[in-house]
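K.L.:
I would like to see how this sequence folds:
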Amino acid sequence: MSYVAIAQDLPRELQLPILRLVEAVRTDMREELAVRRQDFDELRATVQELAEAQRRTEQRVDRLEIAVQELAEAQRRTEQRLEELAEAQRRTEQRVEELAEAQRRTEEVVRQLVEFQIRAEKRLDRLETRVDAIWGEQLERRYRERAYAYFGQILRGAQAVAVSDLVAELEQHLSPEALESLLLLDVLVRGRVGRQPDAPEVWLALEVSAVVDRHDVERAQQRAALLRQAGYRVIPAVAGEEVTEGGQAAAREGAVLLVQDGRRQFWEEALAQALASP
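P.N.:
Predicted coordinates for the structure are as follows:
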């Protein structure tokens, strides 16, 4: 039933006010409804915006979750790589330690080899010294026993004489120290120069060595000088199988007879110097 029909049932004097009231209420309601509709539209628009924002937020959250997952995977790979690097570092350090230990063992082996080499060289030097001494003694014996074979062509009646046989006479002219040095002479040979009966007698103060060097020449000169001091006409001489350059030069400069493997050098110079001495 409409509000007009309802108003007709009212007294006449109330119908118009009632209708006005109803119309005013309807107007207010329409206005209020219009406002509410606008609010609703605005609310719906807001809700839609919120829904869109929510959708975008969820998309961003989805992307963020993907990024987080990627970061987590990258972190996992990084940690795995770090573990691999740490393991590689550990193996490297272990290898370095092994190399250091190998180096230490190598240095120890080298040190032992050097010590062995030094000992071997010392033993070899001692052995060479002993061999030289033995060979020198054999050469001394050869020159002593075969003095005529080596010197008979330059000294008539060449023969070896033991220095000890001359000690009684030498003591009258030499000090004990000088005599002691002279007794170390390797070989003493005597003979005459030339075939004449009055040919002068000369003596050879002979130092024998496997390898003749400058020191051998100097010893021969020193011991020849001691014999001259005792009144003997003496020629310093050296003999051996080989001679150093220094030994040959010293023999030449000092007019010392050099006999190398049976061959004589500087005899004329040595003889001339001996004969010229008083």
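
K.L.:
make it CA atoms for all contacts and neighbour counts henceforth
P.N.:
Fine.

K.L.:
Now the phi/psi pair for V256, please.
P.N.:
phi -110, psi 130 (degrees, to the nearest 10).

K.L.:
what about it, how many residues close to it?
P.N.:
Number of residues near V256 (other C-alpha atoms under 10 Å) recorded here: 28.

K.L.:
Please name the residues that touch it.
P.N.:
Listed by C-alpha atoms under 8 Å, 6 or more residues apart in numbering, the contact partners of V256 are V217, Q221, I235, P236, A237, V238, A250, F266, W267, E269, A270.

K.L.:
Quick check: which element contains the third one?
P.N.:
Element membership of I235, judged by DSSP states H and E, is strand 234-240.

K.L.:
where along the stretch 1-150 of the chain do the helices fall?
P.N.:
3-8, 12-145, 147-151 (DSSP state H, counting those that start in this stretch).

K.L.:
now the strand holding I235 against helix 12-145, angle please.
P.N.:
With axes from the mean of the first three to the mean of the last three C-alpha atoms, to 10 degrees as the basis, strand 234-240 and helix 12-145 are set at 130 degrees to each other.

K.L.:
G240 touches Q260, doesn't it?
P.N.:
Yes - counting by C-alpha atoms under 8 Å, Q260 is a contact partner of G240 at 5.2 Å.

K.L.:
Pick out the residue nearest the middle of this structure.
P.N.:
With the centre of the chain defined as its mean C-alpha position, the nearest residue by C-alpha atoms, centre = their mean is E107, 9.2 Å away.

K.L.:
Show the pLDDT at that one.
P.N.:
In this model, E107 is scored at 89, pLDDT.

K.L.:
Tell me how far it lies from A100.
P.N.:
Separation of E107 from A100 (C-alpha to C-alpha, to the nearest Å): 10 Å.

K.L.:
so what's the closest residue to L170 other than its chain neighbours up against?
P.N.:
Nearest in space to L170, with sequence neighbours left out and distances taken as C-alpha to C-alpha, 6 or more residues apart in numbering, is A230 at 6.1 Å. Taking C-alpha under 8 Å, 6+ apart, we find A230 in contact with L170, Q172, H173, L174.

K.L.:
Neighbour count, secondary structure and distance to A74 for these - can I get that in a markdown table?
P.N.:
As requested, the contacts of A230 are exported to a markdown table (neighbours: other C-alpha atoms under 10 Å; DSSP: H, G, I helix; E, B strand; the rest coil; distance: C-alpha to C-alpha, whole Å):
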| residue | neighbour count | secondary structure | distance to A74 |
| --- | --- | --- | --- |
| L170 | 21 | helix | 108 |
| Q172 | 9 | coil | 111 |
| H173 | 16 | coil | 109 |
| L174 | 17 | coil | 106 |
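
K.L.:
quick one: which of the residues you listed is nearest A51?
P.N.:
Set against A51, the nearest of the contacts of A230 by C-alpha to C-alpha is L174 (137.7 Å).

K.L.:
Find me the pLDDT at the closest one, would you?
P.N.:
We have a pLDDT of 95 for L174.

K.L.:
Q15 too?
P.N.:
So Q15 comes in at 70 (pLDDT).

K.L.:
And it, how far from V22?
P.N.:
Distance from Q15 to V22, by C-alpha to C-alpha: 10 Å.

K.L.:
again, but for Q273
P.N.:
Taken as C-alpha to C-alpha, the span from Q273 to V22 is 176 Å.

K.L.:
Could you report the separation of R214 from G246?
P.N.:
Distance, R214 to G246, by C-alpha to C-alpha: 5 Å.
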